[in-house]
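[1] task: produce atomic coordinates for the following.
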Amino acid sequence: MRQETIDRIRKFTEDRDWDQFHSPENLAKSIVIEAAELLECFQWSRTEYDLQHVKEELADVMVYTRNLLDKLGLDEDEIVNMKMEKNEKKYPVEKARGSSAKYDQL
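    Numbering: from 1, shown residues only. Model (predicted):
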């Protein structure tokens with residue numbers, strides 16, 4: 001995410017004095033709620049959905065995620081790369097390519 005966008009999210013929260021409501025627990029709940037709303041976009045059809053609505057719900061997930069990263073003092077690149085290293089070990093290409101099996105079933 002560009003720094004300009006991160007700064008905009010932070011300013012939005014600061015201008016409204018909403019940080020007081022942003023405990024890690026509340027932010028995690030909000031991410032799950034917004035993710036459910038994103039899933040709802042695809043509830044009745046895999047192919048017919050409102051892309052604008054999808055974008056709005058996905059943006060909500062991303063904003064709450066950014067707020068949680070800030071609250072916990074985490075760097076998104078660092079934690080994503082840490083998780084990717086784990087995933088690469090759990091799902092080696094030679095075993096996982098083309099398979100949807102969980103790592104312990106490969």
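
[2] the residue in the chain sticking out farthest from the centre: what's it in contact with?
    Residue farthest from the centre of the chain, counting by CA atoms, centre = their mean, is E94 at 28.1 Å. Neighbour list for E94: empty [criterion: CB atoms under 8 Å, 6 or more residues apart in numbering]. No exception for glycine: its C-beta is placed from N, CA and C like everyone else's.

[3] let me know the secondary structure of it.
    Assigned state for E94: helix (three-state reduction, DSSP: H, G, I helix; E, B strand; the rest coil).

[4] name the helices or strands packed onto the longest helix anywhere in the chain?
    Taking DSSP state H as the criterion, the chain has its longest helix at helix 51-72. Applying 3 or more CB pairs under 8 Å, 6 or more residues apart in numbering; DSSP states H and E, one finds that helix 51-72 contacts helix 3-15, helix 24-40.

[5] swap in 10 Å and give it another go.
    Counting by 3 or more CB pairs under 10 Å, 6 or more residues apart in numbering; DSSP states H and E, the packing neighbours recorded for helix 51-72 are helix 3-15, helix 24-40, helix 76-90.

[6] what residues sit buried inside it?
    57, 60-61, 63-70 (16 or more other CB atoms under 10 Å).

[7] and what of stretch 69-82?
    Neighbour counts over stretch 69-82 (16+ other CB under 10 Å) mark 69-70 as buried.

[8] equivalent analysis for stretch 33-42, please.
    Neighbour count says stretch 33-42 has 34-35, 38, 41 buried, by 16+ other CB under 10 Å.

[9] on that earlier part again, mind checking the helices and strands packed on helix 51-72 for the one nearest to Q52?
    Closest to Q52 of the helices and strands packed on helix 51-72 is helix 24-40 (CB to CB; 12.7 Å).

[10] and that closest one, what other elements does it pack with?
    helix 51-72.

[11] in the chain, which segments are predicted with low confidence?
    Within the chain, no range satisfies pLDDT under 70.
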